[in-house]
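>>> After the sequence you'll find the predicted model.
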Amino acid sequence: MKRQDLLFILCAVAVFLPFFLSDRLYEAYETFNGNHGMIMSFIKFAVLSTAGEMLGARISTGRYYWKGFGLISKMIVWGVLGMGINMAMMIFSTGTPVFLEYLGLEGATGFLAGPMCWQKVLVAFCVSVAMNSIFGPVFMTLHKITDLHIADNGGSALALFRPWKMGELMSRINWKTQWGFVFKKTIPLFWFPAHTVTFLLPPSGRVLCAALLGVALGVLLAVAARKK
């Protein structure tokens with residue numbers, strides 16, 4: 001273990017340990033999370049998914065951070081995308097059961113809030129498939145575009161406020177990797193089952209689970225970005 005690995009672990013412990021040691025701090029978090037879900041989504045994904053991307057960079061390049069990495073810009077991007085994920089989870093967890101009832105599965109809208117049963121697992125799986133098939137590819141492509149734009153601007157904290165050459169950025173995406181690995185493999189093999197478990201949780205726990213999965217997402221996308 002290198003010094004940078006120890007520092008990364010110590011930072012992670014410093015962020016999370018207080019919530020386990022102090023009931024008052026954890027209750028304050030729960031209250032704020034319940035009252036300001038979108039703000040907390042921004043914070044969770046800005047911290048956790050950026051940490052996941054740094055971990056992915058460590059795995060694939062041997063470094064957590066380098067000049068031009070764009071830490072501030074990446075945190076802002078992940079925060080905004082995190083709010084989008086929260087929104088998508090609410091939309092698909094509400095709309096998909098309604099569609100299932102339209103197809104003939106009676107009571108689908110109540111299964112997610114009910115006790116564990118095979119119908120609940122089926123609905124959760126359908127919600128996961130719908131969200132990751134429709135929202136997932138757009139989300140992942142947008143993230144890749146932001147990554148390229150940040151890199152083009154040398155990782156500057158002001159990169160997001162500079163002109164975006166969207167056509168050029170989209171043409172530079174490695175679509176073979178984007179389709180062959182990010183879409184074709186990670187979505188059905190990882191995200192379908194992972195978000196099925198997420199939607200089996202109570203609504204208050206889904207956002208936290210999604211934020212933790214953001215670490216895995218950061219690792220997967222960072223590795224995919226450097227995959228030859």
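Thanks, I have the structure now.
>>> contacts and neighbour counts: CA atoms only from here.
Will do.
>>> mind listing the strands in this structure by residue range?
Shown for the chain, no strands are assigned by DSSP state E.
>>> Please pull out the lowest mean pLDDT helix or strand from it.
One helix or strand of the chain scores below all others by mean pLDDT, DSSP states H and E: helix 203-225, with a mean of 71.
>>> What mean pLDDT does the helix ranked longest in the chain get?
Using DSSP state H, we find that the single longest helix of the chain is helix 118-152. Taken as a whole, helix 118-152 has a mean pLDDT of 94.
>>> what's that helix packed up against?
helix 71-103, helix 108-111, helix 166-171, helix 192-200 (3 or more Cα pairs under 8 Å, 6 or more residues apart in numbering; DSSP states H and E).
>>> from those, which stretch is densest packed?
helix 192-200 (a mean of 21; mean count of other Cα atoms under 10 Å).
>>> Tell me the gap between that one and the middle of its chain.
13 Å (Cα atoms, centre = their mean, to the nearest Å).
>>> what's the angle between it and helix 71-103?
For helix 192-200 against helix 71-103, the angle by axes from the mean of the first three to the mean of the last three Cα atoms, to 10 degrees is 80 degrees.
>>> got the CA coordinates for helix 192-200 in CSV?
Taking Å, rounded to 0.1, in the frame of the first residue of the first chain, the C-alpha atoms of helix 192-200 are listed here in CSV:
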residue,chain,number,x,y,z
PHE,A,192,-30.3,-4.3,-13.9
PRO,A,193,-29.7,-6.4,-10.8
ALA,A,194,-28.1,-3.6,-8.8
HIS,A,195,-31.0,-1.3,-9.2
THR,A,196,-33.5,-4.1,-8.7
VAL,A,197,-32.2,-4.4,-5.2
THR,A,198,-32.3,-0.6,-4.9
PHE,A,199,-36.0,-0.4,-5.7
LEU,A,200,-36.8,-3.2,-3.2
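>>> Show me what that helix is packed against.
Using 3+ Cα pairs under 8 Å, 6+ apart: helix 192-200 touches helix 118-152, helix 203-225.
>>> Including distance to Trp78, could these go into JSON lines?
Formatted as JSON lines, the helices and strands packed on helix 192-200 follow (distance: least, Cα to Cα, whole Å):
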{"stretch": "helix 118-152", "distance to Trp78": "8"}
{"stretch": "helix 203-225", "distance to Trp78": "9"}
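>>> For His143, find the nearest of the helices and strands packed on helix 118-152.
helix 71-103 (7.8 Å; Cα to Cα).
>>> what's the angle between the closest one and helix 118-152?
Going by the same axes, to 10 degrees, helix 71-103 makes 150 degrees with helix 118-152.
>>> For Arg162, which of the helices and strands packed on helix 192-200 is the nearest?
helix 118-152 (9.1 Å).
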